[in-house]
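Trainee: only geometry, no sequence info:
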């Protein structure tokens, strides 16, 4: 499962010229579901999205608070094109979960988000429909998340890696006096508050 998370000041979804959903400050999540995704990947992604620290705290410290900490809104959009594989220059989507199965899975994902957070703060688009998504990115801040491959061996939970640009940074909770979270925060701050980063957590 893949997700693109954008910190926003506002975002909305329009279908057929009519706005069907909108949020103020919070995060907009574009979600791509793969053929092999299970409940395990679903729960992993919900946890990562809701706990991703892309907001500042009361003192202005960056990368300190999650959407749940701030009680902000979430707009979630199903986007199968995130599972694209290029064949030459043509996108191929055979890795995406088929529509009928994906709709049920996506609804379960929304249900888990609402169960974990506040239901009234979770908004979504219209599955399987041509939509226009209007996103006012704040920063800009864009984070890519990807769940561990189904069936992958469990790695040392103290290890993680953060991919920023063309560089991969690894850290250990027991090395250099860093926690995983503080190491990632330090790396991102080098790039500034508008950095676009990819988290690749191994659990």
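Mentor: The structure has been received and is ready for your questions. Nothing here was measured: the structure is a model prediction, and the numbers come from that model. Numbering: from 1, shown residues only.
Trainee: Low-confidence ranges, this protein, go.
Mentor: 150-203 (pLDDT under 70).
Trainee: residue ranges of the strands in it, please?
Mentor: Assigned by DSSP state E, the chain shows strands spanning 2-15, 18-23, 26-32, 73-78, 85-87, 90-92, 122-124, 132-146, 159-164, 167-172, 196-200.
Trainee: buried ones in the second one?
Mentor: Right, the one you point to is strand 18-23. If you call a residue buried by 16 or more other CB atoms under 10 Å, then strand 18-23 has these buried ones: 21, 23. Bear in mind the C-beta positions are built from the backbone N, C-alpha and C, glycine included.
Trainee: cool, the first one as well?
Mentor: By neighbour count, and taking 16+ other CB under 10 Å as the criterion, the buried residues in strand 2-15 are 2-8, 10-13.
Trainee: Columns distance to residue 137 on top of these, output as a markdown table?
Mentor: Formatted as a markdown table, the buried residues of strand 2-15 follow (distance: CB to CB, whole Å):
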| residue | distance to residue 137 |
| --- | --- |
| 2 | 18 |
| 3 | 15 |
| 4 | 11 |
| 5 | 11 |
| 6 | 5 |
| 7 | 7 |
| 8 | 6 |
| 10 | 10 |
| 11 | 9 |
| 12 | 13 |
| 13 | 15 |
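Trainee: between the strands of the chain, which gets nearest to residue 44?
Mentor: Among the strands of the chain, the nearest to residue 44 by CB to CB is strand 132-146 (9.2 Å).
Trainee: Off-centre distance for the closest one?
Mentor: Between the centre of strand 132-146 and the centre of its chain there are 9 Å (CA atoms, centre = their mean, to the nearest Å).
Trainee: same for that strand, what does it pack against?
Mentor: strand 2-15, strand 26-32, helix 39-51, strand 196-200 (3 or more CB pairs under 8 Å, 6 or more residues apart in numbering; DSSP states H and E).
Trainee: so which of those comes closest to residue 126?
Mentor: Among the helices and strands packed on strand 132-146, strand 2-15 sits nearest to residue 126 (CB to CB), with 5.4 Å.
Trainee: Can you tell me the strand partners of the closest one and which way each runs?
Mentor: strand 18-23 (antiparallel), strand 26-32 (antiparallel), strand 132-146 (antiparallel) (DSSP bridges).
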